[in-house]
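>>> heads up, no residue letters with this:
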């Protein structure tokens, strides 16, 4: 898909196929909302996985024109994909929710998530994902290097 081929363009409505998890077909934050908010119709819907090999491979094979991927997915940039704008804020922001077993969480760990949320950006997380997924670096080493680089979180 070229950058100027935005599915919200009336000239593209009805001409593009979308690939996503089955639930996207019936969600407000999916094709229902795209139809209602942006007046976008798709010529087809391919039920695929969630940010896995099926949805990532479908555009390469021309099975779909639009794919539902995580914003931090390194394959977006690596494959020359375009993240579509959502000026009407149909899709809600999603945030990382760290989980830890209660028996492992001391006071320091319990205070970290809110502070981290004010520090870790989408661009940062995408880069960390790239280092782990593409460069095959150890996740703990990548996280520690990020923490050293950012310094103490306030």
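Nice, thanks for sending it over. Everything quoted here is computed from the prediction, not taken from an experiment.
>>> Point out the other helices and strands that the lowest-mean-pLDDT helix or strand in the chain packs with.
Ranked by mean pLDDT, DSSP states H and E, the weakest helix or strand in the chain is helix 107-117, scoring a mean of 76. Using 3 or more Cβ pairs under 8 Å, 6 or more residues apart in numbering; DSSP states H and E as the contact test, no helix or strand touches helix 107-117. C-betas here are computed from N, CA, C, even on glycine.
>>> What's the first helix or strand after it?
Counting by DSSP states H and E, the element after helix 107-117 in chain order, helix or strand, is helix 122-133.
>>> For the most centrally placed residue in the chain, list the residues it contacts.
Central residue of the chain (Cα atoms, centre = their mean): residue 70, 1.5 Å from the mean position. Residues in contact with residue 70, defined by Cβ atoms under 8 Å, 6 or more residues apart in numbering, are residue 51.
>>> same check, this time on residue 42
Here residue 42 is in contact with 7, 14, 16-18, 31, 34, 66 (Cβ under 8 Å, 6+ apart).
>>> buried sites along stretch 102-121?
The neighbour-count check on stretch 102-121 (16 or more other Cβ atoms under 10 Å) flags residue 120 as buried.
>>> Let me know how buried the residue nearest to residue 142 when sequence neighbours are not counted is, in neighbour terms.
In space, and not counting its chain neighbours, residue 142 is closest to residue 131: 4.8 Å by Cβ to Cβ, 6 or more residues apart in numbering. Residue 131 has 18 neighbours, counted by other Cβ atoms under 10 Å.
>>> where's residue 131 relative to residue 125, distance?
Distance of residue 131 to residue 125, given as Cβ to Cβ, to the nearest Å: 11 Å.
>>> Likewise for residue 112?
Separation of residue 112 from residue 125 (Cβ to Cβ): 15 Å.
>>> cool, residue 69 as well?
14 Å.
>>> Contact partners for residue 128?
Residues in contact with residue 128 (Cβ under 8 Å, 6+ apart) are 142-143, 146.
>>> 10 Å instead, please
By Cβ atoms under 10 Å, 6 or more residues apart in numbering, residue 128 lies in contact with 72, 74, 120, 137, 139, 142-143, 145-146.
>>> now, among the residues you listed, which is nearest to residue 39?
Using Cβ to Cβ, residue 72 comes nearest to residue 39 of the contacts of residue 128, at 28.7 Å.
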